[in-house]
Every structure is written in C-alpha cells, then in structure tokens.
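S.K.: A predicted structure for the sequence below; I have some questions about it.
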Amino acid sequence: MTTVLVAYGTGEGQTADIADRIADVLRGRDAVVETVDLDERDPEPDAFDAVVVGSSIHLERQHPGVVSFVTANRDALAARPTAFFQVSLSDAVDDPERRAEAARYVDDFLEDTGWHPDRIGRFGGALRYSKYGFLKRLVLKQIARDATGDVDTSRDYEYTDWDEVDAFAADFLAFADGRLGASANDT
C-alpha cells in the first residue's frame with residue numbers, strides 16, 4: 001500500500017476540508033494516509049511514499065506554515081511523488097484575469113521555494129463571513145463584490161468543486177503508484 005502524507009495550512013478551514021476530502025479519496029483507493037495541519041506540527045516526509053501539500057491564499061501569499069514546511073523539506077519532497085493544491089477565491093470564478101492571478105500565486109510560491117511538485121491543483125475556496133472579524137469581513141466583502149457578487153455577510157459561501165478535488169486525488173495516487181511501481185490494489 002502506498003503511504004501518503006497530506007499536509008496543509010489553512011485560514012478558516014476550507015483547505016482543511018479539501019485536505020480531508022483528498023485523504024478520503026486516497027483511503028478509498030487503499031492508500032494509508034496521514035493528514036497534518038502544519039500549524040499543529042511538522043511531519044517527516046521521509047516517513048511516506050508520497051506527499052500532498054495544500055495551502056490557502058491570503059493577501060496573495062501561501063500559508064506561512066506551508067512555505068516553511070516546503071522550504072525545510074525540499075530535498076525529501078524531491079525524492080518522492082508530490083502534489084500541491086492551492087485554495088483561493090481567485091480560482092472560484094470564471095474570470096480569466098483572476099484565474100491568471102491564482103496561477104501566478106502558484107508560480108511565485110514554487111519559484112520562491114524551489115519546489116517542483118509532480119501535480120498541481122487549484123480549487124475555489126470559500127467565503128466564511130461567520131468566521132471573520134469586522135475588518136476582515138469588510139475587506140473580503142469588497143473583494144467578493146468584484147469577484148463573485150456574494151456580499152451578504154449573514155451567510156457563508158462555498159465555491160469548491162468537489163468532483164475536481166476527487167479527480168485530482170485519484171490522478172495523483174495513480175501517478176504515485178505508477179512512479180513507485182506499486183498497484184493501488186496491493187494490500
């Protein structure tokens with residue numbers, strides 16, 4: 001069985017939800033998976049056959065714990081199949097300029113860290129107005145006005161395409177198993 005680390009950094013929890021979904025898909029395909037919030041601890045990538053790293057975007061930057069983890073473990077990540085997923089509001093809309101902006105966030109992160117994951121996924125996130133303080137709610141309402149139009153702060157909005165997340169996870173495991181010479185059905 002392929003062992004997979006799913007490590008992530010999240011702001012209000014959508015990246016954690018996506019990491020959990022990826023882990024569920026991988027487990028459903030007989031992988032042994034450990035999911036780790038990088039704000040809680042730093043896992044050892046060498047203990048796993050493959051690694052998936054996920055990050056939320058805030059102020060055009062990846063989660064600081066993700067940047068630290070990838071930078072500190074670049075060699076270990078390079079030695080095994082890896083995937084990276086990013087969660088942002090810019091990927092929640094069909095606006096080509098905003099989607100290009102989201103792609104730039106990934107490019108900048110990879111250039112800054114020197115990491116070259118085998119697979120990259122970009123997913124729409126969520127507006128969790130109920131979790132924001134006054135100032136953050138005001139700023140995100142302004143951003144949402146242009147991006148999604150979802151400015152009713154009395155409710156939350158989710159933009160994640162779960163079928164896309166499932167496909168990303170399945171594709172990565174098939175790739176990892178192929179690279180490792182393992183079968184997803186071996187037990």
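M.R.: Structure's in. What do you need?
S.K.: what bridges to residue 157?
M.R.: residue 127 (DSSP bridges).
S.K.: Now for it, how many residues are close by?
M.R.: 18 (other Cβ atoms under 10 Å). (C-beta placed from N, C-alpha, C; glycine too.)
S.K.: Show the average pLDDT along stretch 164-173.
M.R.: Model confidence over stretch 164-173, given as mean pLDDT, is 98.
S.K.: typo on my end, it should be stretch 91-109
M.R.: pLDDT averaged over stretch 91-109 gives 92.
S.K.: Buried ones in it, by neighbour count?
M.R.: Residues of stretch 91-109 classed as buried by neighbour count (16 or more other Cβ atoms under 10 Å): 91-93, 98-99, 101-102, 105-106, 109.
S.K.: so how far is it off the chain centroid?
M.R.: Mean-position distance between stretch 91-109 and its chain equals 14 Å (Cα atoms, centre = their mean, to the nearest Å).
S.K.: circling back: identify, from the buried residues of stretch 91-109, the entry nearest to residue 45.
M.R.: residue 109 (17.2 Å; Cβ to Cβ).
S.K.: Check which helices and strands the helix or strand bottoming out on mean pLDDT in the chain sits against.
M.R.: The least trusted helix or strand in the chain, going by mean pLDDT, DSSP states H and E, turns out to be helix 134-147, with a mean of 86. Packing contacts for helix 134-147, counted by 3 or more Cβ pairs under 8 Å, 6 or more residues apart in numbering; DSSP states H and E, involve no helix or strand.
S.K.: Just after the longest strand seen in the chain, pick out the following helix or strand.
M.R.: Determined from DSSP state E, the single longest strand within the chain is strand 50-58. Once strand 50-58 ends, the next helix or strand along the chain (criterion: DSSP states H and E) is strand 61-62.
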